[in-house]
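J.: how would this look folded up:
(2 chains)
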Amino acid sequence: MLEIKNLHVKIAEDDAEILNGIDLILPKGEVHAIMGPNGSGKSTLAYVLAGKDDYEITEGSILWNGEDITEMDPDERAAAGVFLAFQYPIEIPGVATMTFLRTAMNAVRKARGEDELSTPDFMRIVKEKAKELGIADDKLKRPLNVGFSGGEKKRQEILQMSLLEPSLCVLDETDSGLDIDALKIVADGVNKLRGSDRAMLVITHYQRLLNYIVPDKVHVLSHGRIVRSGGKELALELEESGYAEFDEAAA
Amino acid sequence: MAVEILKTKAEQGFADQLKASVPVLPGADVPWVKTLREAAWETYASTGLPHRRVEEWKYTDLRTLLKDAYPPAPTLAEALKAGDVDTALGKGLADFDCHRLVIVNGHYRPELSDVSGLDSKVEIQSMSDALAAPTDWLRETLGQVNREESDTVVALNTALMSGGVIVRVADGAVLDKPLHLVHVAAAKDPASLATRNLVSIGDGAKATLFESYVSNSDTPVQRNSVTELVAGDASEVHHIKLQNEITQSAHFTTWMTRLGAGVTYRAFQFSIGAALARNQLFIRFAGEGSVSHVSSAVLGRGSQHNDTTMVIDHAVPECESREFCKLVLDDDARGIIQCKVNVHRDAQKSDGHQMAQALLLSETAEFDSKPELEIFADDVVCGHGSTSGQVDEELMFYLRARGIPEPQARALLIAAFIGEALEKIEQESLRENFLELASVWLRGEGA
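T.: Predicted structure coming up:
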């Protein structure tokens, strides 16, 4: 279970507070959506969960399975099961995708007390999952994300997510830059990972993604706070009315 | 006059060396050789060691950096076995499939070399033998390939050269394996080495020349090695260098290269060792339609000083030159890339581009980049670029968010950075060897 309690966050080199008092409970087995306008703090929440050190937590806590993860390094959080699918996946020239995947998988396995994968096992697992996501073999040989289209990069994120077997998945605007076909493939990939041992936080600006990844709950984020929570129908309501009322309410 | 110019201990030391060595150097009783050495000596004596006010040497002031001139290595090299050469090369390179020519302390050692299977396609001769009985070809070629008369280090080499190899690849010959010139430093006491190689690649021939510079002892040397290379028309030459000296040594190598018409020349230099290194490449396009691609990778830490200086002469039209350099510098290491491209008046349709990139791992590491373009033709495409920076924190976060611990993520990014240069090596087994050397260095075990 993810428990976010009274979370206040500012940019490390700035005084401006971006999140001011977030409370959220996300049990395992559930998918929650965070929706909100630009600048509401959605991406900040995603980064803070993953441990990016550009941000400073001034108050509150983040508990994952009862353990406070706020002092943990990003790689320790990954080992503990936290996975952030980036809104803008990063290109890494000179690092072959396969090398990267193998390094990451073995690092996480080692930290979790599991054995490293043998080369044939690793190859088999990667090729199988890549095929499901429609990722061609030659993309796995190329440097990570270099020259990939927006859709290809998002598929790589989901591939990594399925390989690292996280228990808390945070998807930051996974739908941005995707056409409808790519969106379906990515959503299928995510839905396959839904399960009773896994919690998912889907961050999105638009309701569209939630047609394909149907959430158990929807939370509306505005000016760094959750201003409303509800069932999946809340997303449809927002699609109709927009975010204006929350902006005013919070302001 | 020379007495006034030679101010420092090292400068005077080289002068004393020459006086002492003249009678024992190869070709001492050959007038042509004597004249050659005397002319070179005049060049040195009139300027002394280059210093910071000499533009080409502004970042590598030898008056400051060279404290002393070591005495010449003994004429007869120490007893060395083939196994010792393997040890000096290290495991990966010892197994490298090649025709091996071993040069110990500047002297060619046929008994340590293995050139079986080369037959009539390739002629190999010891430089010291050749200087003692010079042929007309040698007289016309040595020191004439790409003349850099004003370069002091080359002049010192000519004045003091003790040996090396002459390699002549026949027209049309296609070599099945690389020629590997193993330059081993194996001195018991600190010594200076002056090696001179001359390589001629025939018209239409294809050859890979790999020069490795390694040590067989912990004794520092001052190495001055010059390789002159003539590439005949329509030849394809791969010229690769590994500098893995011990970190107390000084290393000066100069490649003087002349390319005929329609030549493909690909050079790569990988530098890891030496306290002080200067890698000079002087490349001249002498025939139209040729291509020269030079890449280099430098790994430096501690107080290592590594200077790569290139001069590319587009003397004729329609040639293409590329220079691509990557440096990883840690601690107080200093890296220098100077690359001057001269496009001569009639060299229309010249195409030249250079890029130098440094990754600085500490606050005190320093990178100096000096691109120079001198263009006298009007229809050319030339460009240059240079970057320096630290390990990208966004990339670091991405890798760490995938569970890769900080030191491993950093090492992966540094390896990726230098890997972009090493990928330019087309010979797979050498590329693999170099990647392994780089990863050893990254683990902190290398030079």
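J.: Stretch B:305-325 near chain A anywhere?
T.: No: judged by CB under 8 Å from any CB of the partner chain, stretch B:305-325 makes no contact with chain A; its nearest approach is 13.4 Å. (C-beta placed from N, C-alpha, C; glycine too.)
J.: That stretch - what's its average pLDDT?
T.: When pLDDT is averaged over stretch B:305-325, the result is 98.
J.: now stretch A:106-125
T.: Mean predicted confidence for stretch A:106-125 is 95.
J.: hmm, who's touching it?
T.: A:75-76, A:78-79, A:101-102, A:105, A:163-164, B:402-405, B:408 (CB atoms under 8 Å, 6 or more residues apart in numbering or on different chains).
J.: okay, these in JSON lines with neighbour count next?
T.: Listed next are these as JSON lines, based on neighbours: other CB atoms under 10 Å in any protein chain shown:
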{"residue": "A:Asp75", "neighbour count": "23"}
{"residue": "A:Glu76", "neighbour count": "16"}
{"residue": "A:Ala78", "neighbour count": "28"}
{"residue": "A:Ala79", "neighbour count": "21"}
{"residue": "A:Leu101", "neighbour count": "23"}
{"residue": "A:Arg102", "neighbour count": "18"}
{"residue": "A:Met105", "neighbour count": "23"}
{"residue": "A:Leu163", "neighbour count": "20"}
{"residue": "A:Leu164", "neighbour count": "21"}
{"residue": "B:Arg402", "neighbour count": "24"}
{"residue": "B:Gly403", "neighbour count": "30"}
{"residue": "B:Ile404", "neighbour count": "25"}
{"residue": "B:Pro405", "neighbour count": "19"}
{"residue": "B:Gln408", "neighbour count": "17"}
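J.: Tell me the one of those residues nearest A:Asp15?
T.: A:Glu76 (28.3 Å; CB to CB).
J.: which element is the closest one on?
T.: helix A:74-79 (DSSP states H and E).
J.: Which strands or helices does that helix pack on?
T.: Judged by 3 or more CB pairs under 8 Å, 6 or more residues apart in numbering or on different chains; DSSP states H and E, helix A:74-79 is in contact with helix A:42-50, helix A:97-111, helix B:393-401.
J.: go again using 6 Å as the cut-off
T.: helix A:97-111, helix B:393-401 (3 or more CB pairs under 6 Å, 6 or more residues apart in numbering or on different chains; DSSP states H and E).
J.: Quick check: the residue lying closest to B:Ala234 once chain neighbours are set aside vs B:Glu236, distance?
T.: Using CB to CB, 6 or more residues apart in numbering or on different chains and skipping the chain neighbours, the partner closest in space to B:Ala234 is B:Gly262 (4.3 Å). Separation of B:Gly262 from B:Glu236 (CB to CB, to the nearest Å): 10 Å.
J.: for B:Ala333, same thing?
T.: Distance from B:Ala333 to B:Glu236, counting by CB to CB: 35 Å.
J.: just the strands in the stretch 151-251 of chain A please.
T.: A:168-172, A:199-204, A:217-222, A:225-230 (DSSP state E, counting those that start in this stretch).
J.: which regions of the chain lie under the pLDDT threshold?
T.: Defaulting to chain A. Chain A contains residues with pLDDT under 70 at A:247-251.
J.: ah, no, chain B please
T.: In chain B (pLDDT under 70), the answer is B:1-5, B:75-78, B:148-149, B:445-447.
J.: Near chain A, which residues of it are found?
T.: B:395, B:397-398, B:400-405, B:416, B:419-420 (CB under 6 Å from any CB of the partner chain).
J.: State which one residue of chain A is found closest to chain B.
T.: A:Gly94 (3.0 Å; CB to the nearest CB).
J.: Tell me the bridge partners for A:Ile4.
T.: With DSSP bridges as the criterion, A:Ile4 is bridged to A:Leu24, A:Ile62.
J.: pretty sure it contacts A:Leu26?
T.: No: assessed by CB atoms under 6 Å, A:Ile4 is found out of contact with A:Leu26, at 8.1 Å.
J.: anything in contact with each of those two?
T.: With contacts taken as CB atoms under 6 Å, 6 or more residues apart in numbering or on different chains, not a single residue reaches both A:Ile4 and A:Leu26.
J.: Contacts only, for residue 181.
T.: Just so you know, I chose chain A. Taking CB under 6 Å, 6+ apart as the test, A:Asp181 contacts no residue whatsoever.
J.: my bad, the chain I had in mind was chain B
T.: B:101, B:211.
J.: thought B:Glu48 was touching B:Lys9?
T.: Small correction: residue B:48 is Gly, not Glu. No: B:Gly48 is beyond contact range of B:Lys9, at 11.8 Å (criterion: CB under 6 Å).
J.: In terms of packing, which of those two has more residues around it?
T.: Between B:Gly48 and B:Lys9, counting by other CB atoms under 10 Å in any protein chain shown, B:Gly48 is the more crowded of the two (22 against 12).
J.: quick one: terminal-to-terminal distance for stretch B:73-81?
T.: 18 Å (CA to CA, to the nearest Å).
J.: all strands in the stretch 101-250 of chain B, in order from the N-terminus.
T.: Going by DSSP E, counting those that start in this stretch, the stretch 101-250 of chain B shows strands at B:107-108, B:122-126, B:165-169, B:179-185, B:191-201, B:206-215, B:221-231, B:236-243, B:250-259.
J.: now the ones you listed in TSV, with distance to B:Tyr44?
T.: Listed next are these as TSV, based on distance: least, CB to CB, whole Å:
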stretch	distance to B:Tyr44
strand B:107-108	22
strand B:122-126	25
strand B:165-169	24
strand B:179-185	22
strand B:191-201	12
strand B:206-215	23
strand B:221-231	11
strand B:236-243	24
strand B:250-259	13
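J.: quick one: which of those is nearest B:Ala277?
T.: That would be strand B:250-259 among the strands of the stretch 101-250 of chain B, by CB to CB, at 4.3 Å.
J.: Identify all contacting residues around the closest one.
T.: For strand B:250-259, using CB under 6 Å, 6+ apart, the contacting residues are B:145-146, B:153-154, B:222-231, B:243, B:245, B:265, B:274, B:276-286, B:290.
J.: likewise stretch A:163-173?
T.: A:2, A:43, A:46, A:49, A:81-85, A:87, A:105, A:108, A:161, A:198-203.
J.: one more time with 8 Å
T.: Contacts for stretch A:163-173 (CB under 8 Å, 6+ apart): A:2, A:26, A:28, A:42-43, A:46, A:49-50, A:64-65, A:78, A:81-87, A:101, A:104-105, A:108, A:125-126, A:129, A:161, A:190, A:193, A:197-205, B:402-403.
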